[in-house]
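Q: with the sequence up front, the predicted model follows.
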Amino acid sequence: MDQKTINVTKPFTLVLKREGKVQRIPVMPGVQNVDADIADHWYTQAHCAELPKAVKAAAAKDDKKA
């Protein structure tokens, strides 16, 4: 599954149904890579802020290498 980088501002538990099973996924504060379905979820977005400039710059640099 694709990964995305997010900046979580406060901890939460996301409940998702994956492969027919309900999963409780604890998400802690900080910049981290998570599966795209977690990053794109509205509840995750409600607990996130913009990525710091240094993280955005590093990500852009990595994208150019690929």
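A: That came through, no problem. As the structure is a computational prediction, the values presented were derived from the model and not from experiment. Residues are numbered from 1 along each chain as shown.

Q: so in this protein, which helix runs the longest?
A: helix 53-65 (DSSP state H).

Q: which residues touch it?
A: Applying Cβ atoms under 8 Å, 6 or more residues apart in numbering, the contact partners of helix 53-65 are 5, 7, 31, 51. Bear in mind the C-beta positions are built from the backbone N, C-alpha and C, glycine included.

Q: sec struct for the first one, please.
A: Each residue gets one of three states, and residue 5 gets strand by DSSP: H, G, I helix; E, B strand; the rest coil.

Q: ok, it - contacts?
A: 31-33, 39, 51, 55, 59.

Q: where neighbours are concerned, which of the residues you listed has the most?
A: Counting neighbours by other Cβ atoms under 10 Å, the top entry in the contacts of residue 5 is residue 39, with 18 neighbours.

Q: just give the nearest non-adjacent residue to that residue, would you?
A: Distances taken as Cβ to Cβ, 6 or more residues apart in numbering place residue 4 nearest to residue 39, at 3.7 Å, with adjacent residues excluded.

Q: for residue 43, same thing?
A: Nearest to residue 43 is residue 14, by Cβ to Cβ, 6+ apart, at 5.9 Å.

Q: list phi and psi for residue 2.
A: phi -60, psi 150 (degrees, to the nearest 10).

Q: what distance do you get for the residue nearest to it when sequence neighbours are not counted to residue 8?
A: Of all residues not flanking residue 2 in the chain, residue 36 sits nearest, at 4.3 Å (Cβ to Cβ, 6+ apart). For residue 36, the distance to residue 8 equals 15 Å [Cβ to Cβ, to the nearest Å].

Q: more neighbours, the two?
A: residue 8 (17 against 11).

Q: what helices or strands is whichever helix or strand residue 25 is part of leaning on?
A: Counting by DSSP states H and E, the element that carries residue 25 is strand 21-27. Packed against strand 21-27 by the contact rule (3 or more Cβ pairs under 8 Å, 6 or more residues apart in numbering; DSSP states H and E) you find strand 12-18.
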